[in-house]
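Peer 1: Quick one, structure for this:
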Amino acid sequence: MNPDKIRNVLNIVFIILAIASVIIYFVARDDFKLFIYVCGTAVFVKIMEFFIRFTNR
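Peer 2: Presented below is the predicted three-dimensional model:
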């Protein structure tokens, strides 16, 4: 698969997870652990995209 397509998919997943984490932060204030998991997953996806971007040059 083309690295640019993988990067695009990872960016879309990151944006969805980032929006979900903001919604979870404001809606589910009692369950802060869920926010941490979703936000941490979003950061992990963005780091993977970052490594793909700089290793394929």
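Peer 1: Which pLDDT value does the model give the most centrally placed residue in the chain?
Peer 2: By CA atoms, centre = their mean, the chain has its centre lying nearest to A42, at 2.3 Å. A42 carries a pLDDT score of 97 in this model.
Peer 1: what helix or strand is it on?
Peer 2: Assigned by DSSP states H and E, A42 belongs to helix 32-55.
Peer 1: That helix - contacts with which helices or strands?
Peer 2: With contacts taken as 3 or more CB pairs under 8 Å, 6 or more residues apart in numbering; DSSP states H and E, helix 32-55 sits against helix 3-27. Every residue, glycine included, has its C-beta placed from N, CA and C.
Peer 1: ok, back up a step: from what I can see the residue nearest to the centre of the chain touches I19, true?
Peer 2: No: the pair A42 / I19 is not scored as a contact, 9.2 Å apart, by CB atoms under 8 Å.
Peer 1: pretty sure T41 contacts A18?
Peer 2: No: applying CB under 8 Å, one finds T41 not in contact with A18, separated by 10.1 Å.
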